[in-house]
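**Student:** Just the structure for this:
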Amino acid sequence: MYDGGVGMEDYIIDVNNVTVRFNKANNIISQFSDSWDDDKLILLPNFPKIKDMVSNHITQENYLWLITYDLPYDLFYKIDNMGLVPYGHVTHEELTQTYYNQRF
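**Tutor:** Model prediction:
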C-alpha cells in the first residue's frame, strides 16, 4: 500500500463503490476521472504477478482492479509490454485471458 505522502489525500478513490465487475476500463476511469490528473494514477488488473510488481505503489484495490500512484515509467512499460494495461474498451475478462495465456 502507498505509505502516504504530500497530496495523496487528493488521490484516494473508493474503488469498492465503483461499478467494476464487467465494465470496460474507460468506463471505470470515467467514474472518477477528476482524480486522474498528471497521470499519477493508473488502473491495472489485480493479478498476482502485477500486484507483486506494483506493491509499493498501490493506493486502492478491490478483487478485480488496482489503482497505483506515481508508478515509474519503466515498470509501467514492462506491464504494458505484457499486454496488461487496460486501454479504452478492454474489459477485465479480456485482460484475464491475456494474463493466463502468457508464460512469465
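**Student:** where exactly do the strands run in the chain?
**Tutor:** For the chain, the strands defined by DSSP state E cover 41-45, 58-61, 65-69.
**Student:** To residue 87, which of those lies closest?
**Tutor:** Of all these, strand 41-45 sits nearest to residue 87, with 10.0 Å by Cβ to Cβ. Placement of C-beta: from N, CA and C, glycine included.
**Student:** Sheet partners, orientation included, of the closest one?
**Tutor:** Using DSSP bridges, the neighbouring strands of strand 41-45 in the sheet come out as strand 65-69 (antiparallel).
**Student:** now the strands of the chain in CSV, with mean pLDDT, mean neighbour count and distance to residue 81?
**Tutor:** Written out in CSV, the entries for these read as follows (pLDDT from 0 to 100; neighbours: other Cβ atoms under 10 Å; distance: least, Cβ to Cβ, whole Å):
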stretch, mean pLDDT, mean neighbour count, distance to residue 81
strand 41-45, 87, 22, 14
strand 58-61, 84, 19, 20
strand 65-69, 85, 23, 17
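**Student:** Among the ones you listed, which comes closest to residue 94?
**Tutor:** Nearest of the strands of the chain to residue 94, taken as Cβ to Cβ: strand 41-45 at 9.7 Å.
**Student:** What lies in contact with that closest one?
**Tutor:** Contacts with strand 41-45, where a contact means Cβ atoms under 8 Å, 6 or more residues apart in numbering, come from 11, 13, 25, 28-29, 35, 50, 54, 59, 64-69, 71, 76, 79, 84-86, 92, 95-96, 99.
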